[in-house]
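>>> After the sequence you'll find the predicted model.
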Amino acid sequence: MVHYKRFAVAVMLMMTSLLALADNTIVVRDAWVREAPPGAPVLAAYFTLENQGSKADKLVAVLCPDFDKIEIHATEIRAGVARMIELDALPIPPHATVKLAPGGYHLMLHHPRRALAAGMNVKLELRFESGARLTMVAPVRRAESGAVHHH
Amino acid sequence: MTRKTLITATLVAALGVILVLGYIAGRTFRDPARATTIEGMTVLEPASPLPEFRLHDQNNQVFDRARLQGKWSYVFFGYTHCPDICPTTLVVMRDVQKIAGGKDKGIQYIFVSVDPDRDNAAILKNYLSYFHPEFIGATGGHGELMRLTRALGAYFESGEARGDSYEVHHSAAIFLIDPEARLRALFAGPHDATRLAQGLQRLKGG
């Protein structure tokens, strides 16, 4: 009887975790970290979030042992003045794609604990309001503006 | 409190915009050929002479008005604790330099840090050499920075401290200074290397 109960609990737990997986409808892609000048105190990370589900969610935190602190930011240009705004959370509406890209939303990565150069990878954990967690691997890249083509 | 601050800031910003627009409208009314904008470049006619100012560069050499004479200068204001818009703009500047031809010694590229408390010469040197070894980094005391920014119509202000850090709000524009140290044109952005390079070509051409 005791064994049966345990088994039932185990099955229920498994089902719950499966449900949690099925509910995790946010997909992350195109992640990268902008290579910064040597010794730069802050870096930026960019990526695209796609909410494939019908429920709104929010990105609330990002964790990575390579940095002292990570904040969600928006660069805003108003009346010709650029400002960085720290966001408590980044909303991801249902069936929407939210891009973090140069000149807009980005992660501000404070004080790298190791030197990060192009070609290296950074592993970041994204945490959402719904409780969902996503791990992404972001390659460090040297940024190009795209105006000059390299041959 | 935050909302109150936000509302106050919005009102102040709105008032500022109205005043600036009013000022521009007033000037335009008196002198219709004062400023024209073509392809993101606003050209001042006539060019506006800059006052004396005294900053230092990334090698701790004096950087004053004389350093702007004899060359065209692209000038951008920013700070090194700026992970997004500043490196993005410096990459555009690097591309302008490539398009204009690295050989063109008649053009210089200047990053003025408006965060002199954190950006000293050594930090600026390290930071800028990553983008291009010939880029000039300059900064200086608050008052001297103000002499330059006021003359260009540029803006900077430190934001509220957040823990041990703070942001600096700054103009997003790139300013084009002519070889007589006069403000000749500005690019409001978003910045495009081809447009920046062609803008200068157009001014040089006539």
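Cool, the structure landed. Numbering: from 1, shown residues only, chains lettered A, B, ... in the order given.
>>> Just give me the neighbour total for residue 46.
In the absence of a named chain, chain A is used. A:Y46 has 21 neighbouring residues, counting by other CB atoms under 10 Å in any protein chain shown. All C-beta atoms are positioned from the backbone trio N, CA, C, and that covers glycine.
>>> please go with chain B instead
For B:P46, the neighbour count with other CB under 10 Å is 10.
>>> Using CSV, write out the CA atom coordinates for the helix or strand containing it.
Element membership for B:P46 (DSSP states H and E) is strand B:41-49. Presented in CSV, the C-alpha positions along strand B:41-49 are these (Å, rounded to 0.1, in the frame of the first residue of the first chain):
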residue,chain,number,x,y,z
MET,B,41,22.2,65.5,-42.2
THR,B,42,21.2,68.9,-40.9
VAL,B,43,23.5,71.6,-42.4
LEU,B,44,24.0,74.9,-40.7
GLU,B,45,24.2,77.9,-42.9
PRO,B,46,26.4,79.7,-42.1
ALA,B,47,28.6,77.3,-40.0
SER,B,48,28.6,78.1,-36.3
PRO,B,49,32.1,79.0,-34.8
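>>> list the helices and strands it packs on?
Contacts defined by 3 or more CB pairs under 8 Å, 6 or more residues apart in numbering or on different chains; DSSP states H and E place strand B:41-49 against strand B:35-38, strand B:182-187, helix B:193-205.
>>> Partner strands of it, with direction?
Paired neighbours of strand B:41-49 in the sheet (DSSP bridges): strand B:35-38 (antiparallel), strand B:182-187 (antiparallel).
>>> can you list the residues that contact that strand?
Residues from elsewhere that reach strand B:41-49 (CB atoms under 8 Å, 6 or more residues apart in numbering or on different chains): B:33-37, B:151, B:176, B:178, B:180-188, B:195, B:199, B:202-203.
>>> Any regions of chain B where pLDDT drops low?
Applying pLDDT under 70 to chain B flags residues B:1-2, B:16-33, B:103, B:206.
>>> Domain ranges for it, per the record?
Using automatic domain parsing, the domain parsing of chain B gives B:1-32, B:34-205.
>>> what's the distance between A:H73 and A:R34?
13 Å (CB to CB, to the nearest Å).
>>> which strands and helices sit next to the longest strand along chain A?
Longest strand in chain A by number of residues (criterion: DSSP state E): strand A:67-78. Applying 3+ CB pairs under 8 Å, 6+ apart, one finds that strand A:67-78 contacts strand A:57-63, strand A:81-87, strand A:105-112.
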